[in-house]
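In: Sequence and predicted model, in that order:
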Protein chains: 2
Amino acid sequence: MTTPLQHIQTLPSWLAGRVASRGRGLVADAIAVEGLKLLQHAVLAGVAEYGPVAQAELGRRLAVDPKDMVGALNHLQRAGYVLRSPDPADRRKNAVTVTPEGVAVLARCAELAEAANAELLAALNPDEQRQLMAFLGRLHQAGA
Amino acid sequence: MTTPLQHIQTLPSWLAGRVASRGRGLVADAIAVEGLKLLQHAVLAGVAEYGPVAQAELGRRLAVDPKDMVGALNHLQRAGYVLRSPDPADRRKNAVTVTPEGVAVLARCAELAEAANAELLAALNPDEQRQLMAFLGRLHQAGA
DNA sequence: GTGAATTCATTGGGCATCCCAACGGTAATG
DNA sequence: CATTACCGTTGGGATGCCCAATGAATTCAC
């Protein structure tokens, strides 16, 4: 019989956690040169993708806590990467949009993040990387 | 060109993070019925594996912060799962050992954690699960 | 040997992520 | 028109991870 610790450390949840943790660190270090945290980067990308969008809607799509969404958008707005305008159709909502500066920093972060992920997956060949991505994609979709 | 968010959400680091997050939640919920948190479970398993072991040594092997190690062992000791005895050979150290109750709860948690992981990987067939584990194992080893 | 450097367990603070709860303001529901 | 729901925001709390410091104990270097 395997020992308890060996057992834990061969669990998929444990392995995925380790790999994810390393990936987080790599990407975080990479985009830190642009002055963005992981959450801010994800939120900025979400704003760029979903055009004018309310904060709550954005939070739902990205699984970001409303509290943290406020903080992230505050930072992004102060940096000049996004704008919060009142939504004329629904005065409860903020219509959040990207600025040209936001688009520019996103493009730079995209390269940085891709390089970090290349390092994360360096131990696998391209074909294996595709298989891994397919597996993770299916697991993610199943869990959503 | 892909939009920024599609880009982020197809990054391995993002997908791995999502899957890992779900796995954490599933396992945490599973072993919560035994009154253990994830960290406490891991520490308990580590104590069981490495026999009488000093806290610092355990923390190094499990990559657990000394601060959190104190808290986890306090809880485990209060629950009667581990014992802290002074090490006669080095009076700075605590010789931490598992109790029979600790062994028993570990056995129950092993089943619970395995069931949770089965749910996490339910979208993949056994062969795909093995491949995924092999990939994650290689990535983990490469990162260590 | 004796003094300096290291290790041990513990405590503390800080930062980031996540959960639950509330508030005033606004919109949809009946 | 009253209840119900949602919006952005603020607050508190739990957890995980990093850096630092403490007093006690051990090891190392000279």
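Out: Noted; the coordinates are in hand.
In: Poorly predicted segments of chain A, please.
Out: A:1-6, A:144 (pLDDT under 70).
In: Name the helix or strand for the residue most central in space within it, please.
Out: For chain A, the residue nearest the mean C-alpha position is residue A:42 (3.8 Å; Cα atoms, centre = their mean). Per DSSP states H and E: residue A:42 is located in helix A:38-50.
In: For that helix, name the packing helices and strands.
Out: Where contact means 3 or more Cβ pairs under 8 Å, 6 or more residues apart in numbering or on different chains; DSSP states H and E, helix A:38-50 is packed against helix A:12-32, helix A:55-62, helix A:66-78, strand A:94-98, helix A:100-120, helix B:4-9. Where C-beta positions appear, they are placed from N, C-alpha and C, glycine not excepted.
In: As CSV, could you dump the C-alpha coordinates of that helix?
Out: Provided in CSV are the C-alpha atoms of helix A:38-50 (Å, rounded to 0.1, in the frame of the first residue of the first chain):
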residue,chain,number,x,y,z
LEU,A,38,-2.8,38.5,-12.8
LEU,A,39,-6.3,39.6,-11.9
GLN,A,40,-6.0,43.0,-13.4
HIS,A,41,-4.7,41.5,-16.6
ALA,A,42,-7.6,39.1,-16.8
VAL,A,43,-10.1,41.8,-16.1
LEU,A,44,-8.5,44.1,-18.7
ALA,A,45,-8.6,41.3,-21.3
GLY,A,46,-12.3,40.7,-20.4
VAL,A,47,-13.1,44.3,-20.9
ALA,A,48,-11.4,44.3,-24.3
GLU,A,49,-13.2,41.2,-25.4
TYR,A,50,-16.7,42.1,-24.2
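In: What residues sit buried inside it?
Out: A:38-50 (16 or more other Cβ atoms under 10 Å in any protein chain shown).
In: And for stretch A:57-69?
Out: So for stretch A:57-69, counting by 16+ other Cβ under 10 Å, buried means A:58, A:59, A:62, A:64, A:69.
In: do stretch A:76-91 as well
Out: Across stretch A:76-91, burial judged by 16+ other Cβ under 10 Å covers A:76, A:79, A:81, A:82, A:83.
In: okay, among the buried residues of stretch A:57-69, which ones form the most distant pair?
Out: Taking Cβ to Cβ, the two most distant members of those are A:62 and A:69; they sit 8.3 Å apart.
In: shared neighbours of those two, which are they?
Out: Counting by Cβ atoms under 8 Å, 6 or more residues apart in numbering or on different chains, the shared contacts of residue A:62 and residue A:69 are residue A:43.
In: Contact partners for residue A:66?
Out: Residue A:66 neighbours (Cβ under 8 Å, 6+ apart): A:55, A:56, A:59.
In: one more time with 6 Å, if that's ok
Out: residue A:59 (Cβ atoms under 6 Å, 6 or more residues apart in numbering or on different chains).
In: try residue A:62
Out: Residues near residue A:62 by Cβ under 6 Å, 6+ apart: A:42, A:46.
In: near DNA strand D, which residues of chain A?
Out: For chain A, the residues in contact with DNA strand D (Cβ under 7 Å from any atom of the strand) are A:21, A:54-57, A:59, A:66-67, A:69-70, A:73, A:84, A:90, A:92-94.
In: let's go with 6 Å and repeat that
Out: For chain A, the residues in contact with DNA strand D (Cβ under 6 Å from any atom of the strand) are A:54, A:55, A:56, A:57, A:66, A:67, A:70, A:73, A:92, A:93, A:94.
In: and DNA strand C, which of the residues you listed reach it?
Out: By Cβ under 6 Å from any atom of the strand, the members of the residues of chain A next to DNA strand D lying near DNA strand C are A:67, A:92.
In: sorry, back to before: which one of the buried residues of stretch A:57-69 is nearest residue B:137?
Out: Set against residue B:137, the nearest of those by Cβ to Cβ is residue A:62 (29.6 Å).
In: Going by proximity to DNA strand D, name the top residue of chain A.
Out: residue A:56 (2.8 Å; Cβ to the nearest atom of the strand).
In: which one is that residue nearest to, not counting chain neighbours?
Out: residue A:66 (6.7 Å; Cβ to Cβ, 6 or more residues apart in numbering or on different chains).
In: Next, count neighbours for residue A:141.
Out: Residues near residue A:141, counting by other Cβ atoms under 10 Å in any protein chain shown, number 10.
In: Many thanks, we can stop here.
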